[in-house]
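my questions concern the predicted model and sequence given below.
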Amino acid sequence: MTTHNMPDMDEQARSILRGNDRGGYTVPTAGLYPYQWNWDSAFAAWGFATFDVTRAWDEIETLFTGQWDNGMVPHILFHRPDPGYFPGPDVWGATGPVASSGISQPPVAASFARRIYDMDPEGSLSALKRLFPKMVAWHQWFMDWRLDRGAVCITHPWEAGRDNTPDWDGAMAGIDPTGVGEYKRRDTSHVDPAMRPTKYDYDRYIWLVQLGRRLGWDEAAMLEQNPFRVADPTMTFILLRAQRDLAILGQVLGEDVSSIEAAIEVLVVGAETLWNPELASYDARDVRSGQWAGCVSNASFLNWYAGIDHPGMEAQYDRIASLCKYPVPSHDPSSERFDAKRYWRGPTWAIINVLIGIGLEERGLTDRADALRKTTADLIREHGFAEYFDPMTGDAAGGGTFTWTAAVWLGWAS
Ligand code: 9WN
């Protein structure tokens with residue numbers, strides 16, 4: 001095959017974004033994920049901003065059309081029905097302004113809003129003004145409902161965006177999914193089941209959706225009755241970073257940011273409650289049982305992105321990075337639970353790599369940041385715009401022509 005007719009990587013990435021554009025919002029990939037996902041959309045906006053800032057802001061504004069009265073921004077917006085995904089709006093039974101799920105996702109939107117603003121301040125100002133109070137309300141929802149000793153908790157594995165990571169194994173074992181009933185998964189008809197969560201996991205995912213629905217997605221009731229409540233490094237580090245970025249955007253707009261600054265202090269203390277001294281790493285903490293997950297994951301290394309450090313984290317990073325050709329694996333390769341192709345139990349994800357890379361760079365760990373950017377670029381160049389990658393071989397895994405992988409290429413890796 002000759003290569004001179006192949007569109008270059010930048011053009012391929014732009015055409016993935018355009019191809020996944022459904023008019024005002026972008027699907028993660030056609031078929032497997034036919035709706036608007038929360039954190040995927042924020043990455044998509046960043047990708048669009050490299051060639052169309054107006055379209056970038058549209059993406060985030062569409063996401064916020066789904067915001068609930070209590071401030072929560074759902075993890076999926078079901079703008080148009082599509083039988084290709086399960087569970088759809090009828091299963092969630094949520095009642096927001098747009099048909100949606102009843103849980104949220106890591107709030108990366110304010111951080112990408114700041115990046116997009118920096119790329120084009122003048123072209124960004126009006127959208128930013130409209131979005132600022134909405135972002136404040138969303139962040140406040142986490143502060144009001146989801147803190148445990150200052151760390152941010154999830155109420156469903158899907159909420160962290162790291163669905164089947166071993167981080168939740170302990171909390172998932174505490175769920176008895178009896179009575180969940182029959183249902184038909186759709187994900188395994190789109191991609192190899194060996195790359196997806198198991199039936200054991202799905203029974204519990206659906207059982208938790210049914211519980212939330214029964215409780216009317218009422219946060220106070222869920223705090224009391226949901227057995228799954230885990231203080232999570234993804235949410236804690238990402239919200240901390242997002243609050244810092246939102247405070248800066250607020251200052252640009254001349255807003256009072258004192259409550260955001262107070263939230264930052266709470267989250268800094270909360271992040272330290274995720275330090276597991278025996279593991280010598282940031283870890284997830286099961287709030288119900290009080291047990292550590294005992295997992296070094298790619299989310300453990302989001303501490304620098306959040307602007308915090310801990311002696312031992314650099315050594316931990318070097319150890320994990322030395323165990324595979326294409327870091328950062330979503331689970332420690334030396335652990336017996338590591339599974340190189342199964343979703344969040346081993347594969348490398350470009351979206352987490354970019355957040356880790358930004359943190360390393362800002363912390364002055366420039367060699368590591370450069371190396372990570374290079375291996376991520378190699379992965380995408382050699383194996384395509386995949387959803388995730390085998391960290392040992394680089395093999396593409398999950399869905400293809402993936403929006404956020406294209407966005408990471410445009411915004412960082414290229
Ligand atoms: C459930 C869309 C989403 C990502 C998540 C990823 C995966 C969904 C699924 O796909 O989760 O939300 O059905 O597997 O784990 O991070 O936002 O790309």
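Yep, it's here.

and the next helix or strand past the strand ranked longest in the chain?
In the chain, taking DSSP state E as the definition, the longest strand is strand 151-154. Sequence-wise, the next helix or strand beyond strand 151-154 is helix 157-160, with elements assigned using DSSP states H and E.

and that next one with the ligand, contact?
Yes - contact of helix 157-160 with the ligand (C-beta under 6 Å from any ligand atom) involves W158. Bear in mind the C-beta positions are built from the backbone N, C-alpha and C, glycine included.

got a list of contacts for the very next helix or strand once past that helix?
Following helix 157-160 in sequence order, the next helix or strand is helix 169-173 (DSSP H and E). When contacts are defined by C-beta atoms under 8 Å, 6 or more residues apart in numbering, helix 169-173 is touched by residues 157, 200-201, 204, 227-230, 286, 288-289, 291, 293, 337.

now stretch 273-281: average pLDDT?
The average pLDDT within stretch 273-281 is 98.

quick one: end-to-end length of it, please.
11 Å (C-alpha to C-alpha, to the nearest Å).

buried residues, it. List them.
274-276, 279-281 (16 or more other C-beta atoms under 10 Å).

now stretch 79-99
Neighbour counts over stretch 79-99 (16+ other C-beta under 10 Å) mark 79, 85, 87-89, 92, 94, 96, 98-99 as buried.

reformat these as a markdown table; add pLDDT and distance to T403.
A markdown table is the format used below for those (pLDDT from 0 to 100; distance: C-beta to C-beta, whole Å):
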| residue | pLDDT | distance to T403 |
| --- | --- | --- |
| H79 | 98 | 15 |
| Y85 | 96 | 15 |
| P87 | 98 | 21 |
| G88 | 97 | 20 |
| P89 | 97 | 21 |
| W92 | 98 | 22 |
| A94 | 96 | 24 |
| G96 | 96 | 23 |
| V98 | 98 | 19 |
| A99 | 98 | 21 |
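
pull the most distant pair out of the residues you listed.
Using C-beta to C-beta, the two most remote members of those are Y85 and G96, lying 17.7 Å apart.

hmm, back to that, quick check: the farthest pair among the buried residues of stretch 273-281?
L274 and A280 (12.7 Å).

close to the ligand: what parts of the stretch 101-250 of the chain are there?
Residues of the stretch 101-250 of the chain lying near the ligand (C-beta under 6 Å from any ligand atom): 158, 161, 163, 187.

give me that answer again for 8 Å
Within the stretch 101-250 of the chain, the positions lying close to the ligand (C-beta under 8 Å from any ligand atom) are 101, 105, 158, 160-163, 187, 196-197.

between those residues, which sits nearest the ligand?
Of all those, the ligand sits closest to G161, with 3.3 Å by C-beta to the nearest ligand atom.

quick one: low-confidence parts of this structure?
1-6 (pLDDT under 70).

give the next helix or strand downstream of the top helix by length along it.
In the chain, taking DSSP state H as the definition, the longest helix is helix 121-145. Following helix 121-145 in sequence order, the next helix or strand is strand 147-148 (DSSP H and E).

next, count neighbours for the nearest residue to M119 once chain neighbours are set aside.
Once flanking residues are discounted, M119 sits nearest to A49: 5.4 Å by C-beta to C-beta, 6 or more residues apart in numbering. Residues near A49, counting by other C-beta atoms under 10 Å, number 27.

contacting residues around the spatially closest residue to R288 that is not a sequence neighbour?
Leaving aside its chain neighbours, R288 sits nearest to R229 (5.6 Å; criterion: C-beta to C-beta, 6+ apart). R229 makes contacts with 148, 153-155, 171, 223, 286-288, as judged by C-beta under 8 Å, 6+ apart.

list just the nearest of these to the ligand.
For those, the nearest to the ligand is I154 (11.9 Å; C-beta to the nearest ligand atom).

that older thread, just the ones of the buried residues of stretch 273-281 in helices?
Among these, DSSP H puts none in helices.

among those residues, which are located in strands?
Judged by DSSP E, strands contain the following of the buried residues of stretch 273-281: 275-276, 281.

give me the distance between the closest residue to A221 other than its chain neighbours and C153.
Nearest residue to A221, sequence neighbours excluded (C-beta to C-beta, 6+ apart): L215, at 4.2 Å. Using C-beta to C-beta, to the nearest Å, L215 is found at 16 Å from C153.
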